[in-house]
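pasted the sequence and its predicted model underneath.
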Amino acid sequence: MTTNRAQPEIVQKTIYSILFIISFSHFINDLLQAVIPSVYPLFKEKFNLSFAQIGMITFTYQLTASILQPFVGMYTDKKSKPYSLIVGMSFTLLGLFFVSIASSFTYLLVAVSLIGIGSSIFHPESSRVAHLASGGKKGLAQSIFQLGGNAGSAVGPLLAALIVIPNGQSYIVWFCLIALIGIFVLYKIALWYNEHLEEKRQSKEVSKEVFVHQLSKSRVISSLVILLILIFSKYFYLSSITSYYTFFLIDKFNVSIQESQIYLFAFLGAVAAGTLIGGPLGDKFGRKYVIWISILGVAPFTLLLPYASLFWVGVLSVIIGLIISSAFSAILVYATELLPGKVGLVAGLFFGFAFGMGGLGSAVLGKLADLTSITYVFKICAFLPLIGVITGFLPNIESKKQ
């Protein structure tokens, strides 16, 4: 397999200030979203919900996020909308407010769907901002961007344990203040983004990098299908952790809700740390190898986790988080090189599919937990990373950087 990279006509430097600001906005966005699954034990008790209903809450939120994202991405590929980032965060703010005052299961579903819409608007355009500020270091840029999101997902449950669990559902409204900070940050990003587009229009110069991979259309499609299957494996497994890890710990080891949230925080913190590693390693050694090691390599640890003691469950979950999280940045950049010039479409498709698989996984696993047990769910999900073996069928579209 041979590849050719055309040199960009305008060489741009990596704009780290923008990367860290958009990463911080991703931190806020995913922190707010992580509050919802973090308070599932509270909702389960207050509204007398089954595990299937818990899964349906996640499914509703993830479905609204997954269906809209590819369409948002395709639209913004053709016509960028810098201020849509603010609109997305505003939907999240509104959804959180309604969650804080929800009085029924149906009301909860409507509220979380608004948060899902906010996510669907935020991710494609924010991913494009990271791409524009990358200066060619696309793996690093995606890792910094993803680090913010995963760090937010880790901090969300911890804040929920400190603020919401002791005081009740109504205290979720305080997270709306964080959403307001997010709107302010995204306004600053939108100003830079808009100025960047204006300079590009005025200069009338082409500044994008052209990547020629010499693959046939059928090979590109089959490669995208493989990547989506890998996303399925990763996020179906992650949904078992994010939605049911606390229930697993409470059921098997009789820990308190707040103690279980600390274990969840440790896992999600490891996910955040692992995210930062995957992108740069992909830039240096090749994304295919990072994807392979990240998904298939985590299998021995997932298979051990359901049978371990509480101490080793904590250790194994951290190892799993570190390894499995390194894949997404590599997958996303690999996909953008399969479809050059379609950053919004790729981001929307893969973020949307990831959300969709997470939601579907939560719903299916919730029903399975009602029929069997939470421990049985974790034993079954442990085999999902073995799907990573199909990474071997991906073409080598990049050479290792020296």
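Yep, it's here. Residues are numbered from 1 along each chain as shown.

please make it C-alpha for all contacts and neighbour counts, starting now.
Noted.

quick one: buried residues of whatever helix or strand Thr375 lives in?
Element membership of Thr375, judged by DSSP states H and E, is helix 374-381. By neighbour count on 16 or more other CA atoms under 10 Å, the buried set for helix 374-381 is Ile374, Thr375, Tyr376, Val377, Phe378, Cys381.

using JSON lines, lay out those together with pLDDT and distance to Val298.
As requested, the buried residues of helix 374-381 are exported to JSON lines (pLDDT from 0 to 100; distance: CA to CA, whole Å):
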{"residue": "Ile374", "pLDDT": "90", "distance to Val298": "21"}
{"residue": "Thr375", "pLDDT": "91", "distance to Val298": "19"}
{"residue": "Tyr376", "pLDDT": "93", "distance to Val298": "19"}
{"residue": "Val377", "pLDDT": "92", "distance to Val298": "18"}
{"residue": "Phe378", "pLDDT": "93", "distance to Val298": "14"}
{"residue": "Cys381", "pLDDT": "93", "distance to Val298": "12"}
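
out of those, who's nearest Lys284?
Lys284 lies nearest to Cys381 out of these, by CA to CA, at 31.5 Å.

so where's the longest helix in the protein?
Scanning the chain for the longest helix, with DSSP state H as the assignment, gives helix 217-253.

what is the helix holding Thr375 packed up against?
Packing contacts for helix 374-381, counted by 3 or more CA pairs under 8 Å, 6 or more residues apart in numbering; DSSP states H and E, involve helix 217-253, helix 343-371.

which among these is found nearest to Asn150?
Nearest to Asn150, of all those, is helix 217-253, at 11.8 Å by CA to CA.

buried residues, the closest one. List them.
Going by 16+ other CA under 10 Å, helix 217-253 has these buried residues: 220, 223-224, 226-249.

after that helix, which helix or strand is next?
helix 257-285.

tilt between that following helix and helix 217-253?
150 degrees (axes from the mean of the first three to the mean of the last three CA atoms, to 10 degrees).

between helix 343-371 and the longest helix of the chain, find me the angle.
Using the same axes, to 10 degrees: helix 217-253 against helix 343-371 is 40 degrees.

could you give the average pLDDT over helix 217-253?
In this model, helix 217-253 carries a mean pLDDT of 89.

near Gly341, how many other residues are there?
Neighbourhood size, Gly341 [other CA atoms under 10 Å]: 15.
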